[in-house]
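Asker: Prediction below, plus the sequence it came from.
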Amino acid sequence: MMKRNIFLSLTAAVLAMACLFGCSSGSEESSSSASADASSKAASSAASSAVEASAGENGVRDLDAIFESLKSSNPISNPFEIAAMNIEYDFMLKAEDVVQYKGVKSNDNGDAGLVLVIEPAEGKAEAICEALETYKQDQVAFYGNYAEFAQAQTNVQNAVISGRDDVVIMVIASNECTADLGDAVNAALAG
């Protein structure tokens, strides 16, 4: 009987130790899993903000003058600043294709107003213009779904996308815009 009690006690002790080691191993796995997840999120965040981090640091163009000139010709109602995430996910531009950018878009329903100035990486101006043209067509289709946004759809259809090797510009007239944006873009590119 005593041997049986000792055997049961030892078995209980071994099981208790196994549970303790199992729990600590599980928490280490959870910890390393959480750490891996955090690393993955950090890498993803770093990738999505690669454009943002290089803006102004690696660029050779002063985009501010061009941007301000276009913005004064096309005042954007309720503007929000275009972020690196928008560059990659809305405009479908690769971070490595964009050296720096500056842009705002209207945050009002039914107003597609936009001013976007991009310094492309070497040899990427044409690819950026093509991506912006795709964005334009997507926006035309989107605004076409709503009769009340007919003005915005017309404005997007008349968007100006123009570029050279060192700068690409896209402007969409805000609903309040009365300027000829083609002339404004030509003047900005000439300056």
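Answerer: Done, it's in. On a predicted model such as this, the values are computed, not experimentally measured, just so you know. Residues are numbered from 1 along each chain as shown.
Asker: can you list the domain ranges for the chain.
Answerer: 2-48, 52-190 (automatic domain parsing).
Asker: need the least confident one among the ones you listed, by mean pLDDT.
Answerer: Ranked by mean pLDDT, those end with domain 2-48 at the bottom, a mean of 53.
Asker: ok, then the element right after the longest strand along the chain?
Answerer: Longest strand in the chain by number of residues (criterion: DSSP state E): strand 98-106. Counting by DSSP states H and E, the element after strand 98-106 in chain order, helix or strand, is strand 114-120.
Asker: The longest strand of the chain - contacts with which helices or strands?
Answerer: Strand 98-106 is packed against helix 50-54, helix 63-73, strand 79-81, helix 84-89, strand 114-120, with contacts defined by 3 or more CB pairs under 8 Å, 6 or more residues apart in numbering; DSSP states H and E. In short, each C-beta sits where N, CA and C put it, glycine included.
Asker: Comparing those, which stretch has the densest surroundings?
Answerer: Across the helices and strands packed on strand 98-106, averaging neighbours per residue (mean count of other CB atoms under 10 Å) puts strand 114-120 on top, at a mean of 26.
Asker: which helices and strands sit right next to the helix or strand following it?
Answerer: Using DSSP H and E, the helix or strand that directly follows strand 114-120 along the chain is helix 125-143. Packed against helix 125-143 by the contact rule (3+ CB pairs under 8 Å, 6+ apart) you find strand 114-120, helix 150-157, strand 160-163, strand 168-172.
Asker: Tabulate those in TSV, adding columns for distance to residue 64.
Answerer: Shown next, in TSV, are these (distance: least, CB to CB, whole Å):
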stretch	distance to residue 64
strand 114-120	9
helix 150-157	25
strand 160-163	18
strand 168-172	14
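Asker: do you know which of the ones you listed lies nearest residue 97?
Answerer: strand 114-120 (6.2 Å; CB to CB).
Asker: Show me what that closest one packs onto, helices and strands only.
Answerer: Using 3+ CB pairs under 8 Å, 6+ apart, strand 114-120 sits against helix 63-73, strand 98-106, helix 125-143, strand 168-172.
Asker: Quick check: which of the ones you listed has the most neighbours on average?
Answerer: It is strand 168-172: most buried of these by mean count of other CB under 10 Å, with a mean of 27.
Asker: Name the residues of the next helix or strand after that strand that are buried.
Answerer: The helix or strand immediately downstream of strand 168-172 is helix 181-190, counting by DSSP H and E. By neighbour count on 16 or more other CB atoms under 10 Å, the buried set for helix 181-190 is 181, 184-185, 188.
Asker: Now do helix 181-190 and helix 150-157, the angle between them.
Answerer: In terms of direction (axes from the mean of the first three to the mean of the last three CA atoms, to 10 degrees), helix 181-190 departs from helix 150-157 by 40 degrees.
Asker: who touches helix 181-190?
Answerer: Residues outside helix 181-190 that contact it (CB atoms under 8 Å, 6 or more residues apart in numbering): 66, 69-70, 73-74, 117, 158, 160, 162, 164, 167, 169, 171, 173.
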